[in-house]
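Colleague: Here you go, sequence then predicted model.
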Amino acid sequence: MSDISNVSGLASSGASELFQILRDGKPRTRSELAELMGLARSTVTLRIEALMDLGLVGFVQDAVSTGGRPSSRIALKAGSRVVLGVDIGASHLQVAVTDLTGHLLAQSARALEITQGPEAVLGAVVEIGTELLSSTGRSTSDLLAVGIGLPGPVEHRTGRPINPPIMPGWNGYDVPGYLQARFHVPVLVDNDVNIMALGERNMAWPQVDNLLFVKVATGIGSGIVSSGMLQRGADGVAGDIGHIRVHGGGGVPCHCGNTDCLEAIASGPAVASKLRELGLDATGSEDVVELVRGGSTEAIHAVRQAGRDVGDVLSACISLINPSVIVIGGSMSLTGEHFIAGIRETVYSRTIPLATQHLQIVHSSSGLDAGVLGASILAIHHAMSPQRIDAMVSSLSETSAG
């Protein structure tokens, strides 16, 4: 699995090295590529031809002429192949087809409970993914990889969920194996908040190397980007802030078995529960959002307090990892400024000025698409890594020789 490090830092050779240069989408002439790589133009031409045979690069006829025939430039063919991005939440499923730059070509969402089990949920992924490919005029032969986010801890090496608290029946399930058997391409699996952090960073904050993405919805979690790298920790649970204890919580039980976890105090269902006690009709995040948008004073106060509780935990996180940007996503972020104002109120009052002097706390610019965008980027980074490009070139050469 690939990370979000700059592609220029990846070890590569042959055609794959050339491809990593062209991944930025900037057209270049053969001479420019030869100069960049320090190789003979004839050698570069052979590598270009290999990538063209794969359909990954092509000519762009718009180079500026210095006299005589205009030079042809070579660039990434972003639409030549596609990936699938999959975001599985506690109660929703979102699938998207994107090109090789992460641009959305088609997407579809469905209400689906994660508690239905892996085969029911992943079966829906296959169904929707196949339909989306067809709707864009593609087939599985155009697919390079699948990226998927799950709402629980994931063992990065195997892509299997590990003791996920809200995913009964999923522990240790071979998610990559199930989907590989249907799509016949590599399948990359990670925690849903990690892929949201990946998507948000790539799409909105590409120059920011220290970022914290916080998702507040049915559950609460965070994805950590530090020094430009996604941090998963020793066992894949880095950023699991939802089960940090909130002081003064009043003994609220959490599904993890402890009490007063942030998730049990400030998640969408937790806020909805508090509003029901006040006589309001609310069962989840969506109802809370509607009540806030409708001007309910009780809902606004409850949402702001939830923001303060999240801010309390984030204050400690800031002292540990010192991010320059904190992005707030998930359905609770749709309550507007009320929720994020509560977060800012606590963070700026409880964190030392040195740690917050340049800190930005903002809403997710990707909104509810952050998950599928991040899953797509995860798939793209793997599919376009030097190792995968070299393998594709080698496979094509063997086929041609045979």
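Modeller: Looks like it came in fine. Residues are numbered from 1 along each chain as shown.

Colleague: from the middle of its chain, how far away would the one helix or strand residue 85 maps to be?
Modeller: If you go by DSSP states H and E, residue 85 is part of strand 82-88. The gap between where strand 82-88 is centred and where its chain is centred comes out at 10 Å by CA atoms, centre = their mean, to the nearest Å.

Colleague: Okay, buried residues for the lowest-mean-pLDDT helix or strand in the chain please.
Modeller: One helix or strand of the chain scores below all others by mean pLDDT, DSSP states H and E: helix 386-401, with a mean of 81. By 16 or more other CB atoms under 10 Å, the buried positions in helix 386-401 come out as 386, 388, 389, 390, 392, 393. To be clear about C-beta, it is placed using only N, CA and C from the backbone, and glycine gets the same treatment.

Colleague: Can you lay out those as TSV showing distance to residue 199?
Modeller: Supplementary listing: the buried residues of helix 386-401 in TSV, determined by distance: CB to CB, whole Å:
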residue	distance to residue 199
386	22
388	20
389	23
390	27
392	25
393	29
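
Colleague: Name the nearest of those relative to residue 80.
Modeller: residue 392 (12.3 Å; CB to CB).

Colleague: give me every residue that touches that closest one.
Modeller: With CB atoms under 8 Å, 6 or more residues apart in numbering as the criterion, the residues that contact residue 392 are residue 54.

Colleague: same thing with residue 184?
Modeller: With contact taken as CB under 8 Å, 6+ apart, residue 184 is in contact with residue 140.

Colleague: quick revisit: gap between the least confident helix or strand of the chain and the chain center?
Modeller: On the basis of CA atoms, centre = their mean, helix 386-401 is displaced by 28 Å from the centre of the chain it belongs to.

Colleague: Going forward, the N-terminal residue is numbered 15.
Modeller: Done: numbering now begins at 15, and the last item shifts to helix 400-415.

Colleague: Mind jotting down where the strands sit in the stretch 265-414 of the chain?
Modeller: When secondary structure is read from DSSP state E, counting those that start in this stretch, the stretch 265-414 of the chain shows strands at 339-343, 374-377.

Colleague: May I see the buried residues of the shortest one?
Modeller: The reference is to strand 374-377. Taking 16+ other CB under 10 Å as the neighbour-count basis, strand 374-377 is seen to contain the buried residues residue 375.

Colleague: Now the element after the strand holding residue 99, going C-ward?
Modeller: Beyond strand 96-102 on the C-terminal side, the first helix or strand identified by DSSP H and E is strand 106-112.

Colleague: Residues contacting that following strand, please?
Modeller: Contacts of strand 106-112 from elsewhere in the structure, counted by CB under 8 Å, 6+ apart, are 96-101, 118-126, 135, 138-139, 142-143, 146-147, 150, 152, 382-383, 385-387, 389-390, 394.

Colleague: Quick check on those: which are buried?
Modeller: Buried by 16+ other CB under 10 Å: 96-101, 119-123, 126, 135, 138-139, 142-143, 146-147, 152, 382-383, 385-387, 389-390, 394, out of those.

Colleague: Take those and keep only those in helices.
Modeller: Assigned to helices by DSSP state H, the following of those qualify: 135, 138-139, 142-143, 146-147, 385-387, 389-390, 394.

Colleague: Out of these, flag the one nearest to residue 170.
Modeller: Taking CB to CB as the measure, residue 170 sits nearest to residue 389 out of those, at 14.5 Å.

Colleague: give me every residue that touches that closest one.
Modeller: Residues touching residue 389, when contacts are defined by CB under 8 Å, 6+ apart, comprise 98, 99, 100, 101, 110, 161, 162, 163, 202, 204, 209, 213.

Colleague: And those residues, which two are furthest apart?
Modeller: The widest separation within the contacts of residue 389, taken as CB to CB, falls between 110 and 204 and amounts to 15.8 Å.

Colleague: which secondary structure elements does the helix ranked longest in the chain contact?
Modeller: Ranked by residue count and defined by DSSP H, the top helix of the chain is helix 311-335. Contacts of helix 311-335 with other secondary structure elements, assessed using 3 or more CB pairs under 8 Å, 6 or more residues apart in numbering; DSSP states H and E, are made with strand 225-230, strand 234-240, helix 276-280, helix 282-291, helix 299-307, helix 351-364, helix 367-370.

Colleague: Burial-wise, tell me which of those comes out on top.
Modeller: Ranked by mean neighbour count, these are led by strand 225-230 with a mean of 28 (mean count of other CB atoms under 10 Å).

Colleague: Pull up the pairing partners for that strand, direction included.
Modeller: Using DSSP bridges, the neighbouring strands of strand 225-230 in the sheet come out as strand 234-240 (antiparallel), strand 339-343 (parallel).

Colleague: Next, the buried residues of the next helix or strand after the first one.
Modeller: With elements assigned by DSSP H and E, the helix or strand that comes after strand 234-240 is strand 243-245. The neighbour-count criterion (16+ other CB under 10 Å) identifies residue 244 as the buried residues of strand 243-245.

Colleague: Check stretch 201-215 too.
Modeller: 201-215.

Colleague: repeat for stretch 50-57
Modeller: residue 53.

Colleague: measure that stretch end to end?
Modeller: 13 Å (CA to CA, to the nearest Å).

Colleague: what's next to that stretch, contact-wise?
Modeller: Outside stretch 50-57, the residues that reach it (CB under 8 Å, 6+ apart) are 31, 32, 35, 42, 44, 45, 48, 58.

Colleague: Of all pairs in the residues you listed, which one is the farthest apart?
Modeller: Comparing all pairs in those by CB to CB, the longest separation belongs to 31 and 45, at 17.0 Å.

Colleague: Those two - which one has more neighbours?
Modeller: A side-by-side neighbour count of residue 31 and residue 45, using other CB atoms under 10 Å, places residue 31 first with 18 against 11.

Colleague: name the element that one belongs to?
Modeller: Element membership of residue 31, judged by DSSP H and E, is helix 28-36.

Colleague: mind checking how far that helix is from the chain centre?
Modeller: Relative to the chain's own centre, helix 28-36 is displaced by 25 Å; criterion: CA atoms, centre = their mean.

Colleague: pLDDT on it, on average?
Modeller: Summarised as a single mean, pLDDT over helix 28-36 is 88.

Colleague: Could you point out the helix or strand that follows that helix?
Modeller: Following the chain from helix 28-36 toward its C-terminal end, the next helix or strand by DSSP H and E is strand 42-43.
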